[in-house]
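In: return a 3D structure for these sequence lines:
(one chain, ligands or ions: 1)
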Amino acid sequence: MSFKCAICGKEENSLLRTNHKELGTIKLCVDCWSKERIKNNLLHLEGGCDCCR
Ligand SMILES: [Zn+2]
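Out: Modelled structure (predicted):
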């Protein structure tokens, strides 16, 4: 079973689950993850609740 990056479609074993501002919960390869993070398109997924960051 393989996973594909939601943006570039690259098949990777280790995709990062992210909460994307526009696309919702998706899996991204590290390349796209860094790019989206720089563009500030990623919302925080880890860390429990939003209220106590
Ligand atoms: Zn990608």
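
In: how about the strands of the protein, start to end?
Out: All strands of the chain, identified by DSSP state E, fall at 3-4, 11-12, 16-20, 24-28, 42-43.

In: and the pLDDT for residue 48?
Out: Note for residue 48: predicted pLDDT of 55.

In: and the strands of the chain as CSV, adding mean pLDDT, mean neighbour count and distance to residue 34?
Out: Any C-beta I mention is one placed from the backbone N, CA and C, and that applies to glycine too. CSV is the format used below for the strands of the chain (pLDDT from 0 to 100; neighbours: other C-beta atoms under 10 Å; distance: least, C-beta to C-beta, whole Å):
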stretch, mean pLDDT, mean neighbour count, distance to residue 34
strand 3-4, 90, 14, 18
strand 11-12, 92, 14, 14
strand 16-20, 93, 17, 10
strand 24-28, 94, 17, 9
strand 42-43, 90, 16, 10
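
In: alpha carbons of stretch 35-48, as PDB, please.
Out: The C-alpha coordinates for stretch 35-48 follow below in PDB (Å, rounded to 0.1, in the frame of the first residue of the first chain):
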ATOM      1  CA  LYS A  35       6.900  24.700   0.600                       C
ATOM      2  CA  GLU A  36       3.500  25.000   2.100                       C
ATOM      3  CA  ARG A  37       4.800  25.700   5.500                       C
ATOM      4  CA  ILE A  38       6.800  28.600   4.100                       C
ATOM      5  CA  LYS A  39       3.700  29.900   2.400                       C
ATOM      6  CA  ASN A  40       2.000  29.600   5.700                       C
ATOM      7  CA  ASN A  41      -0.700  27.200   4.400                       C
ATOM      8  CA  LEU A  42      -0.400  24.700   7.200                       C
ATOM      9  CA  LEU A  43      -2.400  24.700  10.300                       C
ATOM     10  CA  HIS A  44      -1.100  23.100  13.500                       C
ATOM     11  CA  LEU A  45      -2.200  19.500  13.800                       C
ATOM     12  CA  GLU A  46      -0.200  18.300  16.800                       C
ATOM     13  CA  GLY A  47      -0.300  19.700  20.200                       C
ATOM     14  CA  GLY A  48      -3.900  18.900  21.200                       C
END
